[in-house]
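Colleague: Just to be clear, the model below is a prediction. Sequence and coordinates:
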Amino acid sequence: MPPKYAPILSNSVDMKTKRSQELLEREQAIKELYQFIAEQVIAGLFKNDIIDKVIELGYDKYTAADLVDEMEERMQRIRKKDILIIMPPTKRRDRIRDAFTYAGFETQYIKDGQDFLKSIKRIVPDLVVMEHRPPHINAQELLALMRRNPIGRNIPVVVIASRRQMRDSFEAFGRVDFFLRSFDIDAMLQTIKKRFIIK
């Protein structure tokens, strides 16, 4: 290649890299903004207070109002979401079911992962909650099978486990939220609501 063309090609590559970086930064900023608004909506702040907070971040009032309206509409839609709890009958399962039902979710439960895999074409939940060791099949095996299934591939999952060290092995599956058995039910509900309203 003649040396005189090298700087031109180099500048072209640099410009593409810069544009790609700017696009990634913009996408990340938008994602963080949606997460911020979602947290305020889930926390129950008044609409005008949330709009004021978004304006403080540098957005005009019309854009801020539109974004908050969109999040509130998503909050209304999540009340129709179906959550499947994969656990044997226990006080923990009943506690989760009661909290989710009170929050407005449609809640079903089955006793183990094998039953879920057999019925995945018939029961397609919007989210699955499971313990690390449900009867017959552990959560990692069940997640691996779910992710290989076209129906279960994109279903978000909440895993409840006894050890914090397990978190990384579950998060590798994608669309997984992890809680220890000593979890706060309100924190779990907030995480699930954010999962539903932030695309």
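Modeller: Nice, I can see it.

Colleague: Can you pull the domain assignment for this structure?
Modeller: 3-76, 81-197 (automatic domain parsing).

Colleague: Highest mean neighbour count across those domains, which stretch is it?
Modeller: Using mean count of other C-beta atoms under 10 Å, the stretch among the domains of the chain with the largest mean neighbour count is domain 81-197, at a mean of 16. C-betas here are computed from N, CA, C, even on glycine.

Colleague: Any idea how far it is from the middle of the chain?
Modeller: In terms of C-alpha atoms, centre = their mean, to the nearest Å, the centre of domain 81-197 is set 12 Å apart from its chain centre.

Colleague: Please apply the same query to stretch 41-48.
Modeller: 20 Å.

Colleague: Output the below-cut-off pLDDT ranges for the chain.
Modeller: 1-16, 18, 42-43, 75-79, 121, 134-135, 165, 198-199 (pLDDT under 70).

Colleague: So which residues of it form helices?
Modeller: Using DSSP state H, the helices of the chain run over 6-42, 47-56, 61-77, 91-102, 113-118, 139-148, 167-171, 185-197.

Colleague: D126 is nearest to which of those?
Modeller: When these are compared by C-beta to C-beta, helix 185-197 sits nearest D126, at 7.2 Å.

Colleague: Against which helices or strands is that closest one packed?
Modeller: helix 6-42, helix 61-77, helix 91-102, strand 127-131, strand 157-161, strand 176-180 (3 or more C-beta pairs under 8 Å, 6 or more residues apart in numbering; DSSP states H and E).

Colleague: ok, now which ones touch the residue nearest to A187 when sequence neighbours are not counted?
Modeller: The spatial neighbour of A187 that comes closest, neighbours along the chain excluded (C-beta to C-beta, 6 or more residues apart in numbering), is F179 at 7.7 Å. Contacts were defined as C-beta atoms under 8 Å, 6 or more residues apart in numbering; by that measure F179 touches V158, V159, I160, A161, A187, M188, T191.

Colleague: out of those, who's nearest A29?
Modeller: Proximity of the contacts of F179 to A29 (C-beta to C-beta) peaks at T191, which lies at 22.1 Å.

Colleague: Quick check: the closest one vs Q21, distance?
Modeller: Using C-beta to C-beta, to the nearest Å, T191 is found at 30 Å from Q21.

Colleague: likewise Q40?
Modeller: Taking C-beta to C-beta, one finds Q40 at 29 Å from Q21.

Colleague: Check K118 too.
Modeller: 47 Å.

Colleague: sorry, back to before: reformat the helices and strands packed on helix 185-197 as TSV; add distance to F170.
Modeller: Below are the helices and strands packed on helix 185-197 laid out as TSV (distance: least, C-beta to C-beta, whole Å):
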stretch	distance to F170
helix 6-42	21
helix 61-77	26
helix 91-102	18
strand 127-131	10
strand 157-161	5
strand 176-180	5
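
Colleague: Cool, thanks, talk later.
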